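K.L.:
heads up, no residue letters with this:
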């Protein structure tokens, strides 16, 4: 059943890693599944975005406009996620994503996620835990770098 | 109005009352015969002897005589029934006519109240009075004369009989009447008082309900629910107390009456018995008197009941009528008169020592004298409490000065009827009244003065009958089912031209974008001709061509194709290949339609749909059972309303042995669920290729069955035919937007906009948008739109004098200056009087009057130049010059 496939894809999203399967099912049900033809863009750099895309099928490339034209920085395939952070708060897109093959993506919008979080507050804690862990790791990395820098300078 | 209800009835239904009385009297001998004949049958026919008998010159044997009497009896029983029927119908008719007249008079009076009166009276009370409080009066009206005459007459006859037997016994029979006649009215009086109080309390109760509905947002926003509930409880408590008191007293009256009626026989037995024993009267006479007295009780009781209900209705009547009798009603002529008065040829509007005292502070105008030349642009500048609004409303004839006069070339404005004031003068403010109808109706509302031409809604005969009945009760002589739009006042020749004018104005006021969007979502009005539909069909062809030419990238819409399943539409639409004409029809109702059931069964879809509905229901229960009932945001995603989830859960338990075993009602519920599925959107994997294939195959069969059994219920899709059940947008697109393609809505809107442009469909769509229903008080419009509609309504009827208040601020907003310029262009050459609080726009006017504290503090003529300020004030009165 296609629903199970979507739920599996959602569970691969890092911020949703701790969320209960029944909630993911509901999330899959209320989110939309969109088809992109080759050449169509999922999002554009600089645009305000509120949606994350989880690639279910196909392939995309990530392009960054660095002043002198667009440059491919990465490729996306099945189960890859773009715009994860845009779901949580307003932030301009940092890259353009264009489909290179017939692509199907599950779109997860801020409204939908927040609706769900309001209904099931425990979901927010699950997401918060993931973010906190990430922050903690980043802080550690930073400390490590700092000490490294200090050592180098010494 | 008459304060005495009995007099009111007599005045307006005298003839009918006499007829009722006549019928009553006729019924009397018939009733007598029906009572007498059984005795004859028993005594003479059955128990009689000496047959054959001579009767009316014929000879009868016993059986024949029995049959003759029996059939005579049958005839009179029938006749009695007929007379009763005729009388009851006629009584109802008389009551209803009088009631109709009363209601009309009350409502007409409401429209004759002067405006300030409404700040003292709540609409809730008036509604309750006209609608419900007068209703019980109707039942009494028919009995008003007949009952006292008939019962009183009967009573007198019996009394006469008793007195004839023995004056002493007669005296005993009526001995207590004076006591009852003295005591009962006294007790009734207190009941009347209570009844009056109850009416007042109920009125306040309906006002509370009205206020709660009107202020519901503030109630929730301030958490005052408890307060309002308590207030309501308080009223109910009061009502309860009054009712309880009334019951006690009313039944006490009954008790005393009954008791007194029982006491009289006591006199008969004691005094009468004494007289018989002493041999003063015969035993037979006493028995006869006792029998007569038994009959006496019934009319006496009827009379007392009559007296009680008379008192009751009198209270109800007075407590209503006194509310409709303020001292300064407008005369009736003001509503109806249509004199020849040419306001266009007038040249001066003169205020002569005009004074007005409003209800509150800052609403007064003190002894103002000024002159306005018609044809000029006049600004009246003043803060909200400067008396500006009151002055403007006086100029529009909406308020009357307390003293002083406003004159149009010597003619007092106050004496002019509404047919002049409300047609040649236009008044619009920042708070227009928006009727719960379409935008169009709200715009043309200002043209509805008198019926212009009959429509074919009513036959000629029906129209005559309605008018005759209306005349009989002095109702309005205007037929409601008429064309009311006064085209000549708008300066157009046809309704079509009027619509064009409306669209023009809508555009000029910057409302066309909103109305366009409403139009796209609306169904095409019937009033719009066939060629419009043709045009939309051509546009449809072009859109599909263009979208088709766009290749893969343009597949944002999935077109209707007779031989293909549309994955962006519901299963219901796919199987019917059409939509129900009634937009309120739910999928479950569709599933319950016998014709649809048959068609689905024939196509072999029944079990498939049932299985689909079953698995959909299971999924929904699984997904949403943990969602709380209050979560509206999530509930919108569910196929099953949250409150029905338990019911469906129970249904699923019943379906353990397979959904086929379920009862028909349950099966239809499941099929109804499945019918809502849109495969592209819901992706639950429930709509299998087999269902898709069979749905498409079923279409001809479904079409045949549905058209045969419910011919007008559905609109079937066809590329060559306009579908009335679809909105204009859906007709243009002839397909469904794909939920699984990015930005399909925006792309479709662009594609549609291009074609609309090319085919010149914009006016058509705007016209359809005009039929948008605005909701109660225009709640579905923004406040800006409401104000614009209020102004347009007045502009459409092209008044000679246009008075606007609260629409311009004059505070220096550049956009406002532009709007004013555009407005002045529109009404070029006519009198324009605008009230505003700031002076910034003064240079756009010929004459600026500044007010403060109810007085004119300065007058200027900016156009005449500042060199000669006196010139502008010629004839403005010494008072102003003295300032």
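P.N.:
Okay, I see it. Remember, it's a predicted structure, so these values are computed and weren't measured experimentally. Numbers count the residues shown, from 1 in each chain, chains lettered A, B, ... in the order given.
K.L.:
low-confidence stretches in the chain?
P.N.:
You didn't say which chain, so I picked chain A. For chain A, applying pLDDT under 70 flags the ranges A:1-2.
K.L.:
hm, I was asking about chain B
P.N.:
In chain B, residues with pLDDT under 70: B:359, B:549-553, B:629-630, B:863-883.
K.L.:
quick check: longest helix of it.
P.N.:
helix B:62-110 (DSSP state H).
K.L.:
now do that one: which elements does it pack against?
P.N.:
Packing contacts for helix B:62-110, counted by 3 or more CB pairs under 8 Å, 6 or more residues apart in numbering or on different chains; DSSP states H and E, involve helix B:5-40, strand B:53-55, helix B:135-141. (Glycine included, C-beta is placed from N, CA and C.)
K.L.:
in a strand, residue B:279, correct?
P.N.:
No - per DSSP: H, G, I helix; E, B strand; the rest coil, residue B:279 lies outside any strand segment and is coil.
K.L.:
hmm, residue B:34 is touching residue B:74, no?
P.N.:
No - counting by CB atoms under 8 Å, residue B:34 stays clear of residue B:74, with 9.9 Å between them.
K.L.:
okay, those two: which has more neighbours?
P.N.:
Neighbours per residue, other CB atoms under 10 Å in any protein chain shown: of residue B:34 and residue B:74, the larger number sits with residue B:34, 19 against 12.
K.L.:
burial measure for the nearest residue to the more buried one once chain neighbours are set aside, as a count.
P.N.:
Nearest residue to residue B:34 in three dimensions, chain neighbours excluded: residue B:76, at 4.9 Å (CB to CB, 6 or more residues apart in numbering or on different chains). Close neighbours of residue B:76, defined as other CB under 10 Å, add up to 19.
K.L.:
ranges for the strands of chain A?
P.N.:
A:32-36, A:41-43, A:48-49, A:51-57, A:60-65, A:70-76, A:81-82, A:91-92, A:96-99, A:103-109 (DSSP state E).
K.L.:
again with the stretch 401-550 of chain B
P.N.:
B:403-408, B:411-412, B:425-428, B:448-454, B:482-485 (DSSP state E, counting those that start in this stretch).
K.L.:
residue A:72 and chain B: what is the separation?
P.N.:
21 Å (CB to the nearest CB, to the nearest Å).
K.L.:
what sits closest to that residue if chain neighbours are left out?
P.N.:
residue A:61 (5.1 Å).
K.L.:
same check on residue B:472?
P.N.:
residue B:97 (6.6 Å).
K.L.:
check contacts around the closest residue to residue B:341 other than its chain neighbours.
P.N.:
With sequence-adjacent residues excluded and distances taken as CB to CB, 6+ apart, residue B:341 is closest to residue B:420, at 5.1 Å. Residue B:420 makes contacts with B:339, B:341, B:343, as judged by CB atoms under 8 Å, 6 or more residues apart in numbering or on different chains.
K.L.:
could I have the buried ones of these as ChimeraX selection syntax?
P.N.:
In ChimeraX, this line selects whichever of these come out buried by 16 or more other CB atoms under 10 Å in any protein chain shown:
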select /B:341,343
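K.L.:
residue nearest the centroid of chain A?
P.N.:
residue A:84 (2.4 Å; CA atoms, centre = their mean).
K.L.:
buried stuff in stretch B:52-63?
P.N.:
Buried-residue list, stretch B:52-63, by 16+ other CB under 10 Å: B:53, B:60, B:62.
K.L.:
which ones are touching the residue nearest to residue B:34?
P.N.:
B:30, B:33, B:34, B:37.
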